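1. Sequence plus predicted model, see below.
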Amino acid sequence: MLNLDDDELATCVSCGLCLPHCPTFRVTGEEALSPRGRISAMRAVHLDGAEPTDDFVRFMETCVQCRGCEPACPSGVPFGRLMEGTRTTLASAQRMTPRWQRLAFKVLGHHRVLLAGSTVLAGAQRLHLVPKRAGLSRLPLRRGKPIEPTGDDAWLFTGCVMDAWLRDTHRSTAKVLDAVGITYRLPDAGASCCGALHTHAGLHADAAALAERVMASMPGDAPIVVDSAGCGAAMKDYGHLLATPEALAFSARVKDVHEFVAPHVDRLRPKRRLGRVIVQDPCHLRHVQRAQAPVRTVLGAVADVVELDDEGLCCGAGGAYSALEPELAGQIRDRKLAAIQRAGGGMVASANPGCSLHLAQAGAVTMHPIELVDRALTQ
Ligand code: SF4
Ligand code: SF4
């Protein structure tokens, strides 16, 4: 038995309309690596009592959890929940997410350890001690000062890897909030990690514990601004993760930074326009938060937005997926890079750090849309 709701599992009518939207099906052509194939395998184990074989585990592990199959599905199959429930069962039975991965994910909840470890790693990269096949982006040796709070209109969530590796994005978010006249507070150390990667890895208890800490770190009813699409999607799902009225109320306060800034975009006073910028929709912004329109509103205020022609197909980053499944992630990324070339190449705006780093590793020039807005405001 898997940790699944029978009714949710029954909603799939095997029509196959989701298949073209699934990155692992697109690169392999294998039914078992499609949403329909994965649901069929879940049914065999959950309803028919089949053994969860190593092949079964492989079909589940290779899912990017992009949820591109959800908006494509006419029956409303909640595939993300089915996959999370399946992975929770497999991880509880020690069939996936080995000990070293659990240890690495634990570090994300200890921000000082993460900052110190990232600095050591950045130094080792400069000394060429980190092999390229480790697939790690170039980490910053210095992060600059933490952001100072300016007031209490909103909370600005800073998170784990975003703060350790990409603090410049937070700085740009702070400057854009300043520019539209919104003040912000910063959460205490309890908000060290949103738990998204833990949920993806089937570590439900760890994800729930982190969610409780994040909620306690940002009390009250002020909106919570998030500039990482993956973190925002996870925090908007705390209501489901914890199943409490408090978690539901907290999730309702969470806003992707573009959703939050879009209604105030006429307050921006850019010094110049940036020309053409390709917009790449992170899956957890487009398929989960369904917040792709505000990105275009905000970015369009300072640049000429260029669309890709691949209907938001995943880039292969998928949280830790690019590190855990480098071959498939690379093949999926190749399709995205081809779409970028078809769109004319050049600057790519991506609202998720994982996608930005994954694409940049293959030579794409990427920036967070909010950093581009900051650039137009200040240069
Ligand atoms: S979540 Fe993404 S990778 Fe997984 S089955 Fe759905 S479309 Fe395919
Ligand atoms: S998940 Fe939805 S789109 Fe895909 S086969 Fe099932 S019913 Fe059809």
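-> Cool, got the structure. Ligands and ions are numbered 1, 2, ... in the order given.
2. can you pull out the strands in the chain?
-> With DSSP state E as the criterion, the chain has strands at 154-156, 184-185, 224-226, 254-256, 276-280, 304-307, 348-350, 366-367.
3. What residues sit buried inside the fifth one?
-> Residues of strand 276-280 classed as buried: Val277, Ile278, Val279, Gln280 (neighbour count, 16 or more other C-beta atoms under 10 Å). The way it works is simple: take the backbone N, C-alpha and C, and place the C-beta from them, glycine included.
4. nearest to ligand 2, of those?
-> Relative to ligand 2, the closest of those is Gln280; by C-beta to the nearest ligand atom it sits at 23.9 Å.
5. Around ligand 1, which positions in this structure sit nearby?
-> Proximity of the chain to ligand 1, by C-beta under 6 Å from any ligand atom, involves residues 21-24, 35, 38, 63-69, 79.
6. can we see that at 8 Å?
-> 18, 21-25, 33-35, 38, 62-70, 79-80, 83, 283, 314, 318 (C-beta under 8 Å from any ligand atom).
7. can you narrow those residues to ones near ligand 2?
-> When C-beta under 8 Å from any ligand atom is applied, the members of these adjacent to ligand 2 are Cys18, Ser34, Pro35, Cys69, Phe79.
8. Can you tell me which of these is nearest Ala216?
-> Minimum distance to Ala216 across these is 30.8 Å, recorded for Phe79 (C-beta to C-beta).
9. Which residue is the nearest non-sequential neighbour of that closest one?
-> Counting by C-beta to C-beta, 6 or more residues apart in numbering, Phe79 lies nearest to Cys69, which is 5.0 Å off, once chain neighbours are set aside.
10. Please list all residues in contact with that neighbour.
-> Contact analysis of Cys69 by C-beta atoms under 8 Å, 6 or more residues apart in numbering lists Cys18, His21, Cys22, Pro35, Val77, Phe79.
11. Now for the third one, how many residues are close by?
-> Spelled out, that is Cys22. 25 (other C-beta atoms under 10 Å).
12. Quick check: the residue of the stretch 51-200 of the chain nearest ligand 2.
-> Proximity of the stretch 51-200 of the chain to ligand 2 (C-beta to the nearest ligand atom) peaks at Cys73, 3.2 Å away.
13. Skipping adjacent residues, who's closest to that residue in space?
-> In space, and not counting its chain neighbours, Cys73 is closest to Cys18: 5.3 Å by C-beta to C-beta, 6+ apart.
14. Please list the residues of the stretch 201-350 of the chain that sit near ligand 2.
-> Counting by C-beta under 8 Å from any ligand atom, the stretch 201-350 of the chain has no residue next to ligand 2.
15. So which residues of the stretch 201-350 of the chain form helices?
-> Using DSSP state H, counting those that start in this stretch, the helices assigned to the stretch 201-350 of the chain run over residues 204-217, 229-236, 238-242, 245-253, 257-261, 283, 292-300, 321-324, 326-342.
16. quick one, phi psi at the residue nearest to Cys73?
-> Here is the backbone geometry of Cys18 (degrees, to the nearest 10): phi -80, psi -20.
17. Tell me the spacing between it and Arg58.
-> Cys18 sits at a distance of 20 Å from Arg58 (criterion: C-beta to C-beta, to the nearest Å).
18. can you check Ile39 too?
-> As judged by C-beta to C-beta, Ile39 and Arg58 stand 16 Å apart.
19. Pick out whichever of the two has more residues nearby.
-> Ile39 (23 against 12).
20. wait, doesn't the more buried one sit right on Val77?
-> Yes - Ile39 is within contact range of Val77, at 7.1 Å (criterion: C-beta atoms under 8 Å).
21. shared neighbours of those two, anything?
-> Cys12.
22. show me where pLDDT drops low in the protein?
-> 132-136 (pLDDT under 70).
23. Could you measure from the residue nearest to the spatial centre of it over to ligand 1?
-> By C-alpha atoms, centre = their mean, the chain has its centre lying nearest to Gly230, at 2.3 Å. Remark: distance between Gly230 and ligand 1 (C-beta to the nearest ligand atom, to the nearest Å) = 14 Å.
24. In contact with that residue, which residues are there?
-> Counting by C-beta under 8 Å, 6+ apart, Gly230 makes contact with Ala196, Pro282, His284, Gly319, Asn352, Pro353, Gly354.
25. From these, pick the one nearest Leu242.
-> Leu242 has its nearest neighbour among the contacts of Gly230 in Ala196, at 14.3 Å by C-beta to C-beta.
26. For the residue lying closest to that closest one once chain neighbours are set aside, grab the count of nearby residues.
-> Nearest residue to Ala196, sequence neighbours excluded (C-beta to C-beta, 6+ apart): Ala234, at 3.6 Å. By the criterion of other C-beta under 10 Å, Ala234 has 30 neighbours.
27. Point out the residues in the stretch 51-200 of the chain that sit beside ligand 2.
-> Within the stretch 51-200 of the chain, the positions adjacent to ligand 2 are Cys69, Ala72, Cys73, Pro74, Ser75, Gly76, Val77, Phe79 by C-beta under 8 Å from any ligand atom.
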